[in-house]
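Trainee: Just to be clear, the model below is a prediction. Sequence and coordinates:
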Amino acid sequence: RQSVRSDVRGQGWAARHIFNYQLPVLPERRLVRDDAALIGRLLHEWSGPGWPDEQTERLVRQAMQIPGTAHCALEYHRWFIRSQPRPDGIRYAHRMRTPIQAPTLQLHGSLDPCTLPASAQGSGRYVSAPYRWKLIDGAGHFPHQERPEAFDAQLLGWLRDPEPER
């Protein structure tokens, strides 16, 4: 949230899609219309080069058309905005002020156009335990799917030794 407010032309612009999802019902209809064509477009726009392949795009578009899926996919975007003044949102924000006290690995796509790497990299300030940040080169918003070998290598290395690089 802080990056959206403090870097309006950068992270604010990158997160502009969140504001389009605040209306009820209409965004869900847009996501599933025309065999979920918008989902296919977003997968390509938000990913690094070469992903998704045709089969993956087809499967994701089919999954989005399962009743209730589009609604659930949008709810966290709505929570980001609508929850702030509500009692449950205030409680959540208060609890989130407590630093994470578990070892944390943050993997992020170097080409992510939605959550810019510069914005995501600042997340370490919310962790008081060992913290490691790694960019997955050539990946966009879905690094675990776009570059699974690089993602898995980082994850397995961290699981062997969760301490930051010494």
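Mentor: That came through fine.
Trainee: what about L42, which SS state?
Mentor: Put simply, L42 is helix when judged by DSSP: H, G, I helix; E, B strand; the rest coil.
Trainee: Now do it against Q22, distance only.
Mentor: Look at L42 and Q22: by CB to CB, to the nearest Å, they are 17 Å apart. C-beta: built from backbone N, CA, C; applies to glycine.
Trainee: Quick one: low-confidence residue ranges for the protein.
Mentor: Along the chain, segments meeting pLDDT under 70 span 1-8, 10-15, 164-166.
Trainee: coming back round to it: which one of L42 and Q22 has more residues nearby?
Mentor: L42 (17 against 14; other CB atoms under 10 Å).
Trainee: how about the strands of this structure, start to end?
Mentor: Remark: strands assigned in the chain by DSSP state E are 104-109, 131-136.
Trainee: For R125, find the nearest of these.
Mentor: strand 131-136 (9.2 Å; CB to CB).
Trainee: returning to that earlier point: as a markdown table, the strands of the chain with mean neighbour count and distance to L38 would be great.
Mentor: Conversion of those to a markdown table gives the following (neighbours: other CB atoms under 10 Å; distance: least, CB to CB, whole Å):
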| stretch | mean neighbour count | distance to L38 |
| --- | --- | --- |
| strand 104-109 | 20 | 21 |
| strand 131-136 | 20 | 25 |
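Trainee: will you turn those strands into JSON lines that also has distance to R147?
Mentor: Converted to JSON lines, these look like this (distance: least, CB to CB, whole Å):
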{"stretch": "strand 104-109", "distance to R147": "8"}
{"stretch": "strand 131-136", "distance to R147": "5"}
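Trainee: Quickly note the distance from the nearest residue to N20 once chain neighbours are set aside to H71.
Mentor: Among residues not flanking N20 along the chain, P27 sits closest, at 6.4 Å (CB to CB, 6 or more residues apart in numbering). P27 sits at a distance of 9 Å from H71 (criterion: CB to CB).
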